[in-house]
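1. model this:
(one chain, ligands or ions: 1)
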Amino acid sequence: MNQVSKTPQFDKALDEYFSKLELDEKGGQWRTCRFSGEKFYVRPEDIEFYKKMRVPLPTLSPKERIRRKIAFTNSYNLFKVVSSFSKKSIISQYPPTTPYKVYEHQMWFGEEWDPNDYASAYTDSRGFFDQFGELMRNVPRPNLHIDSTSIRSDYTNNSTRLKNCYLIFDSYQSEDSAYSISLIDSRSCFDGFALRNSDTCYDCFESSDLFNCFFVEHSKHCLYSYFLFDCRDCEYCFGCVNLRHKKYHFFNEPLTKKAYEEKIRALNLGDRESLNSLKGKFTELKKKAFYKETHNDRAVASFGDYIKDSKNCYACFYIIGGENVAYSIGVTKTRDSYDIVGGVGTEFSYESWAGDNNYGIKFSIDVDDCREIEYCDLCINCHDCFGCIGLKNKSFCILNKQYAEKDYWEMVDKVKAKMLEKGEYGEFFPPKLSPFPYNISIATSYKGYDDVETARRYGYRTEDIQETLYEVEGEIVDSKDLPKDIREVKDDILNKVVFDSENNKKSRYIKAELEFYRRYNLPLPQKHYSVRLAEKRKKFGSIVLELYERKCVKCGKSMQSSYSPDRPETVYCEQCYQAEVV
Ligand SMILES: [Zn+2]
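-> Below is the predicted model:
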């Protein structure tokens, strides 16, 4: 194929760069991370990808490349700020001290302002990132990152296609839910984490295809059940681990339908004390369960953890429906891409925090329906743009300035060639451009990234921030003094401010949740929602991909496991695990 290059200067320089690369006998290269000093290996197939993607090799380790992107997003820390548009007090993912202009997202999506008004002409005399940083300070940003198709879901962030949701984060296409993280195609879920295609769930964790399930973890295709761990295709089960295709089991004992129903009737989950004692019993039972080497499920030729229904994924974590993906976390239906965090339906892309349906994006963040864009932020339905912020339905723009197609390519060629020469091209934005202080970014929710001092050393900004969201007025009730049984709760609880004195945080209950607790007989939660969410993230564990060499407890075979050898769980290799549970 003899295609004329649109960026001849840049392409010539990049070809030269690749021709001079010194590779080992396998065709790969060991490199040293510019931040951590850690050695990392670039595989021969990685180098092929970089050549196809037209980017130089990374200078940061996979771990530090992930930190870059997760440090650029705040998930569930919400604040009250004054809108730069209406001057009204609004909720926002940006703290009150933010240097950015924050607009109500409805306004931000509307026609009353034009992002091209902030256009700036690129100049050779200043670094690109300097100029981009200035543009960031000028162009308004939406208070919350939700899309224009979400309905009645104002207190949500980092989510798309939601309906009737409240305090839902990092989720996609879900409805009638609250206090959850990472819901996909789900409804009526409260206190959920990483649930797919599930309906009517409470406090369920990393599961899919659940219906009417409560306190269910790492399970699939289960109905009308409570306290399950690693169960598949079970219904009417209570307090069970490692079960397949079972009905009417109580703490792993088979019962008749009648006996099971009597047992259940004798329990009162709506009473906090009896619920807590059942939780304790379930925790003890989980210690006796056996565990599969990783959490992968239908992961073909893949290396990583929590890889589901995927093929050819390498060094990946929490991938659903991925193919030919590497060094990525939390992506859904993504293919032929490297270093992607988040998003649905990404193809042939690199080093980005993706939104929905992107193709050929590089070094970009929070973009939807875009193709062939680089270094863009908050853009929607754009193609062939470079260094732009907040554009909708645009093409051939640089730093929000509109160019004719021919002039665009000439300018992009010049900018990219210069950046490549200075060693700036080929990586995500530098830490100092993160729109959030590191300590409120999503990074600190994860083990391996929660050390703020290390982040500061690498150039991430931190800030002491006062909580402002719940300076709510009204009668205060300490959550320690809440009725212990849901049946004793009166409707006027909805008018009160609930103070979690242990964590020094205030909130209110909403009508939908009170109805849910009453209907399914569950006590009012005492801990503030943000504390509950943080605990769930911590429970999910490290997102630094660490697999450990350990031996299968059953057959003694060596395996790569997500459980370190000092962990107490009984871990089986894939083969022994499958033999045991079927
Ligand atoms: Zn084994």
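
2. Next up, the contacts around the residue of the stretch 251-400 of the chain found nearest the ion.
-> Of all residues in the stretch 251-400 of the chain, Glu293 sits closest to the ion, at 8.7 Å by C-beta to the ion. Where C-beta positions appear, they are placed from N, C-alpha and C, glycine not excepted. Glu293 makes contacts with Cys552, Met559, Gln560, Ser561, Ser562, Tyr563, Val571, Tyr572, Cys573, Glu574, Tyr577, as judged by C-beta atoms under 8 Å, 6 or more residues apart in numbering.

3. Regarding the last one, what is its secondary structure?
-> Of the three states, Tyr577 takes helix under DSSP: H, G, I helix; E, B strand; the rest coil.

4. hang on, it packs against Phe290?
-> Yes. Between Tyr577 and Phe290 there is a contact at 6.9 Å, judged by C-beta atoms under 8 Å.

5. Out of the contacts of Glu293, which end up buried?
-> Among the contacts of Glu293, those scoring as buried are Cys552, Met559, Ser561, Ser562, Tyr563, Val571, Tyr572, Cys573, Tyr577 (criterion: 16 or more other C-beta atoms under 10 Å).

6. From start to finish, how long is stretch 496-503 in a straight line?
-> Separation of the first and last residues of stretch 496-503 by C-alpha to C-alpha, to the nearest Å is 18 Å.

7. I meant stretch 466-475, not that one.
-> OK, stretch 466-475 end separation, C-alpha to C-alpha: 22 Å.

8. Stretch 330-337 now?
-> End residues of stretch 330-337 are separated by 13 Å (C-alpha to C-alpha).

9. Off-centre distance for that stretch?
-> 13 Å (C-alpha atoms, centre = their mean, to the nearest Å).

10. what sits up against it?
-> For stretch 330-337, contacts defined as C-beta under 8 Å, 6+ apart pick out 170, 172, 182, 184, 317-325, 328, 340-350, 354.

11. State the mean pLDDT of it.
-> Average pLDDT, stretch 330-337: 96.

12. in that stretch, what's buried?
-> Buried-residue list, stretch 330-337, by 16+ other C-beta under 10 Å: Gly330, Val331, Thr332, Lys333, Thr334, Arg335, Asp336, Ser337.

13. just stretch 573-582 next, same as before
-> Using 16+ other C-beta under 10 Å as the test for burial, stretch 573-582 gives Cys573, Cys576, Tyr577.

14. With pLDDT and distance to Ser150 as extra columns, can I get these in TSV?
-> Converted to TSV, the buried residues of stretch 573-582 look like this (pLDDT from 0 to 100; distance: C-beta to C-beta, whole Å):
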residue	pLDDT	distance to Ser150
Cys573	88	43
Cys576	89	45
Tyr577	87	40
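
15. near the ion too, which of those residues?
-> Contacts with the ion within those, as defined by C-beta under 5 Å from the ion: Cys573, Cys576.

16. quick one: contacts for the spatially closest residue to Lys527 that is not a sequence neighbour?
-> Counting by C-beta to C-beta, 6 or more residues apart in numbering, Lys527 lies nearest to Asp500, which is 5.7 Å off, once chain neighbours are set aside. Residues counted as contacts of Asp500 (C-beta under 8 Å, 6+ apart) are Ser479, Lys506, Ser507, Gln526, Lys527, His528, Val531.

17. What's opposite Asp500 in the beta bridge?
-> Applying DSSP bridges to Asp500 yields these beta-bridge partners: Lys505.

18. repeat for Ser180
-> With DSSP bridges as the criterion, Ser180 is bridged to Ile168.

19. For the residue of the stretch 51-200 of the chain found nearest the ion, give its distance to Leu183.
-> Nearest residue of the stretch 51-200 of the chain to the ion: Ala194, at 26.9 Å (C-beta to the ion). According to C-beta to C-beta, to the nearest Å, Ala194 and Leu183 sit 8 Å apart.

20. next one: Phe215
-> 17 Å.

21. Likewise for Glu473?
-> 31 Å.

22. And Ser364, by the same measure?
-> Using C-beta to C-beta, Ser364 is found at 25 Å from Leu183.

23. if we can go back for a sec, neighbour-wise, which of Glu473 and Leu183 wins?
-> The neighbour comparison of Glu473 against Leu183 (other C-beta atoms under 10 Å) goes to Leu183, with 28 against 6.

24. Okay, and that one sits in which element?
-> strand 178-184 (DSSP states H and E).

25. For that strand, what is the distance to the chain centroid?
-> On the basis of C-alpha atoms, centre = their mean, strand 178-184 sits 11 Å off its chain's mean C-alpha point.

26. contact partners of that strand?
-> Contacting residues not belonging to strand 178-184 are listed as 75-76, 165-174, 177, 189-198, 320, 330, 332, 510, 512-513, 529, 532-533, 536-537 [C-beta under 8 Å, 6+ apart].

27. how about Cys201, what does it touch?
-> By C-beta under 8 Å, 6+ apart, the contact list for Cys201 reads Ser186, Ser188, Cys189, Phe190, Gly192, Leu195, Ser207, Leu210, Asn212, Cys213, Phe214, Val216.

28. Tell me the buried residues within those residues.
-> Neighbour-count burial (16+ other C-beta under 10 Å) applied to the contacts of Cys201 gives Ser186, Ser188, Cys189, Phe190, Gly192, Leu195, Ser207, Leu210, Asn212, Cys213, Phe214, Val216.
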